[in-house]
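# Give me a model of this one.
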Amino acid sequence: MTTAIEVHDLTRRHRSATALDSVTVSFEAGVIHGLLGRNGAGKTSLMSIASGQDWPTSGSVTVFGEHPHENEQVLPRICFVREDQRYIEDSYARHAFAAAAMAFPRWDQQLADRLSRELGVPARTRIKKMSRGQRSAVAVIIGIASRADLTFFDEPYMGLDAVARQLFYDRLLEDYAEHPRTIVLSSHLIDEIAHLIENVVLIDRGRIMLDEQVDALRGRAVTLIGAADTVRELSDFRQVLHTESLGRLTRSTVLGALEEHEEQRARARGVEVLPVSLQQLIVHLTSGDVGGRRDEGPATAPDPTTTTSPRNWNSEVAS
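Numbers count the residues shown, from 1 in each chain. Just a heads-up that it's a prediction; the model follows:
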């Protein structure tokens, strides 16, 4: 396995707040990763440091084996686009694309032109006068057409409507299939990107809770709905992620898939067994109320087994 990003014991403090707390994680090269977590969990801080836009308080980050900060060998290989993308004052989309063409050696202008037509980017409107959706389109076009070896999408597509987001997902997958690279998607729309991502890195309150392949997470948890005493019996010896009651019925989400005989027994006793989507699993794991009690300490993962140059593009145009 080739590693694109290696993070070791990384801490980032902002005055009294700790954005990242002794984070150690790696991102495999040539994979689409989902960097998931609640607002303020530390996702943007991690991407900013890995893209050379911010400095760690302690610890280290290497990208393709080198430290990214002010590194002319690494920065042209990194593209970081975000929801609050900033551009040169009074620029048009063509100016942003021209700057990107200078910054990224693998830039594909034909692809950018095609995506502009498909996403409806106006040619004669300054970026600052564009709608939120149009500005988001400019950002995702840069992210795809850059074909950078490492591309971070910090939710720039949140401004797109549902149809445009689906177009973005389709075009990203198409181009990734033809031109493999490492992609990190940060998103709150977990169910929407579940079919895109191959690996999940879940961060909560500055700490890594999960770092697993999506396939391994499928079936990780189930929801049981039925008579309270029966559900409670079936939930014994399992970690309860969430439970709620309505009259005599109880709905519990538990960690760990049921064995076939357990599922047959549950259904025979009138208990409905439902799969848990990736989004539901992430919500339960980061709700801070696992097992019905508030965890005031750091979050830990439940264990189911026990003119712009390459140097300043990311810091000025795409910061």
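
# looking just at contacts, which helices and strands does the helix ranked longest in the chain meet?
Longest helix in the chain by number of residues (criterion: DSSP state H): helix 162-178. Using 3 or more CB pairs under 8 Å, 6 or more residues apart in numbering; DSSP states H and E as the contact criterion, the elements in contact with helix 162-178 are helix 109-119, helix 132-145, helix 190-193. Where you see a C-beta, it was placed from the backbone N, CA and C, and this is true even at glycine.

# Would you quantify the distance from residue 236 to residue 269?
For residue 236, the distance to residue 269 equals 14 Å [CB to CB, to the nearest Å].

# Between those two, which has more neighbouring residues?
residue 269 (14 against 8; other CB atoms under 10 Å).

# how far does the longest helix of the chain sit from the chain's center?
The offset between the C-alpha centroid of helix 162-178 and the centroid of the whole chain comes to 16 Å, using CA atoms, centre = their mean, to the nearest Å.

# Which helix or strand lies directly C-terminal to it?
Scanning forward in sequence from helix 162-178 by DSSP states H and E, the next helix or strand is strand 182-186.

# how big is the angle separating that next one from helix 162-178?
160 degrees (axes from the mean of the first three to the mean of the last three CA atoms, to 10 degrees).

# Would you mind extracting the C-alpha trace of strand 182-186 into CSV?
Only the C-alpha atoms of strand 182-186 are listed here, as CSV (Å, rounded to 0.1, in the frame of the first residue of the first chain):
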residue,chain,number,x,y,z
THR,A,182,-6.1,10.5,-4.1
ILE,A,183,-9.3,12.3,-3.2
VAL,A,184,-10.6,13.4,0.2
LEU,A,185,-14.2,14.4,0.4
SER,A,186,-15.5,16.2,3.5
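
# That one packs against which elements?
strand 17-28, strand 32-36, helix 43-50, strand 150-154.

# Throw the ones you listed into a markdown table and include mean neighbour count and distance to residue 68, thanks.
Written out in a markdown table, the entries for these read as follows (neighbours: other CB atoms under 10 Å; distance: least, CB to CB, whole Å):
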| stretch | mean neighbour count | distance to residue 68 |
| --- | --- | --- |
| strand 17-28 | 18 | 13 |
| strand 32-36 | 24 | 16 |
| helix 43-50 | 24 | 7 |
| strand 150-154 | 26 | 9 |
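
# re the thing from before, could you list the buried residues of the longest helix of the chain?
Neighbour counts using 16 or more other CB atoms under 10 Å place 164, 165, 167, 168, 169, 171, 172, 175, 176 of helix 162-178 among the buried residues.

# Those residues: which two are farthest apart?
When CB to CB is used, the two most widely separated members of the buried residues of helix 162-178 are 164 and 176, lying 18.2 Å apart.

# Quick check: closest non-adjacent residue to residue 284.
Computed as CB to CB, 6 or more residues apart in numbering, the closest residue to residue 284 that is not its neighbour in sequence is residue 241, at 3.9 Å.

# Distance check, the one you found against residue 251.
Per CB to CB, residue 241 is found 11 Å from residue 251.

# which of these two has more neighbours?
Regarding residue 241 and residue 251, a neighbour count based on other CB under 10 Å identifies residue 241 as having more, with 24 against 17.

# so the more buried one is in which element?
Assigned by DSSP H and E, residue 241 falls in strand 240-246.

# Quickly list the domain ranges of the chain.
The chain resolves into domains spanning 3-216+310-317, 221-275 when parsed by automatic domain parsing.

# Include mean pLDDT and distance to residue 284 when you put those into JSON lines, please.
Supplementary listing: the domains of the chain in JSON lines, determined by pLDDT from 0 to 100; distance: least, CB to CB, whole Å:
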{"stretch": "domain 3-216+310-317", "mean pLDDT": "92", "distance to residue 284": "11"}
{"stretch": "domain 221-275", "mean pLDDT": "89", "distance to residue 284": "4"}
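
# Need the winner for burial among the ones you listed.
Most buried of these, by mean neighbour count (mean count of other CB atoms under 10 Å): domain 3-216+310-317, with a mean of 19.

# how distant is it from the center of its chain?
Relative to the mean C-alpha coordinate of its chain, domain 3-216+310-317 is positioned 9 Å out (CA atoms, centre = their mean).
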